[in-house]
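A.B. asks: The following block contains a protein sequence and its predicted model.
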Protein chains: 2
Amino acid sequence: MEIEQAYPYLMERAMRQMRMVSQQYFVQAGVDITVEQWVVLYIIHDGQGLSQVEITELAFKDAPTVTRIIDNLVKKGWVYRQVSAEDRRKFEIYTTSEGKAMVQKLLPTVMAIREQGIGNVSESDLRVFKRVLGRLIENFTE
Amino acid sequence: MEIEQAYPYLMERAMRQMRMVSQQYFVQAGVDITVEQWVVLYIIHDGQGLSQVEITELAFKDAPTVTRIIDNLVKKGWVYRQVSAEDRRKFEIYTTSEGKAMVQKLLPTVMAIREQGIGNVSESDLRVFKRVLGRLIENFTE
DNA sequence: TAGTAATAGTTGTTGTACTAACTATTGCAA
DNA sequence: TTGCAATAGTTAGTACAACAACTATTACTA
């Protein structure tokens, strides 16, 4: 069937495999966290005090999704919201010490996952791969 | 921020852009269908009489998801289930004439979308791109 | 400065993703 | 042939994705 050779299908499949493997590793590490939660937690950890809009842009997700993921991260005690002093519409989002510990705990796993995916891919192929991804993003941005 | 250069982030972003653009084109074509519904509809159209398990494997989705997508396609009158004569646990799934018409209507759009994504990518870069995707799939399949 | 537009974030709805638990049917083996 | 494992599919629960509608606050403009 021709669809199996189409690049969107291959991308979908690769993403799903990667997500499944990541989730398994998180479970093995004894941490109750989803891949999406990890992405947002890492962004918050890396940029302490970001607003939700800024997180939205960095995570490339929409505002309601980010609201809910942060809700979940707050419930788990890993991040907290603080109303901005300059603009009371805004929150500044920070990691708690538990959140920081979680990032430190998972970071090696995340790096290992990335490496597992492209360990046997040459530098030049990886460059081409990223270049094509960049083209796709451009070509689908009106 | 380093995360923006990581390949999983780029893949996520490219997929999301592509999905958004596809959805817009479907709306412009005046058809109420999601990208996932399109994928499943196309597979059913291409392989008349497939069981849900077979569709599950081809679409690379899980069984409950396929059940619900087919439910939605049935509601829209594009496909129907028929209990298998040999194995009464199974359904054989077929497109209705409306379903076939829908595939014919959308196929050019789908091809155009694919082309829009990689129109300015060289043949050799595309080969490398697909090769790396294949590696990723292998590397994340235990 | 009053009125309105823009911005930040939330809530609700529908559809999909994943897991687990379930029913119905079939296949296999003691 | 009974009993149990495997298979096909569904249902339930939680989380994320996309869209629309909403509140609260800030910024702009006549």
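C.D. replies: Looks like it arrived, so ask away.
A.B. asks: Give me the nearest residue to residue A:38, chain neighbours excluded.
C.D. replies: residue A:106 (6.5 Å; CB to CB, 6 or more residues apart in numbering or on different chains). Quick note: C-beta positions are derived from backbone N, CA and C, even for glycine.
A.B. asks: The host helix or strand of that neighbour - contacts with which helices or strands?
C.D. replies: Per DSSP states H and E: residue A:106 is located in helix A:97-118. Here helix A:97-118 touches helix A:7-28, helix A:35-46, helix B:7-28, helix B:123-139, going by 3 or more CB pairs under 8 Å, 6 or more residues apart in numbering or on different chains; DSSP states H and E.
A.B. asks: so of those helices, which one's packed in deepest?
C.D. replies: helix A:35-46 (a mean of 20; mean count of other CB atoms under 10 Å in any protein chain shown).
A.B. asks: what about the spatially most central residue of chain A, distance to residue A:45?
C.D. replies: Centroid-nearest residue in chain A: residue A:39, 2.4 Å away (criterion: CA atoms, centre = their mean). Relative to residue A:45, residue A:39 is positioned 11 Å away (CB to CB, to the nearest Å).
A.B. asks: before we move on, what about residue A:84?
C.D. replies: Counting by CB to CB - residue A:84 and residue A:45 are separated by 19 Å.
A.B. asks: Over to residue A:60?
C.D. replies: Distance from residue A:60 to residue A:45, by CB to CB: 17 Å.
A.B. asks: Equivalent analysis for residue A:31, please.
C.D. replies: For residue A:31, the distance to residue A:45 - CB to CB - is 14 Å.
A.B. asks: Kindly report the same for residue A:30.
C.D. replies: 19 Å.
A.B. asks: hmm, back to that, was I right about the residue nearest to residue A:38 contacting residue A:29?
C.D. replies: Yes. Shown here, residue A:106 and residue A:29 form a contact pair, counting by CB atoms under 8 Å, at 6.5 Å.
A.B. asks: quick one, which of those two is more surrounded?
C.D. replies: More crowded of residue A:106 and residue A:29, by other CB atoms under 10 Å in any protein chain shown: residue A:106, with 20 against 13.
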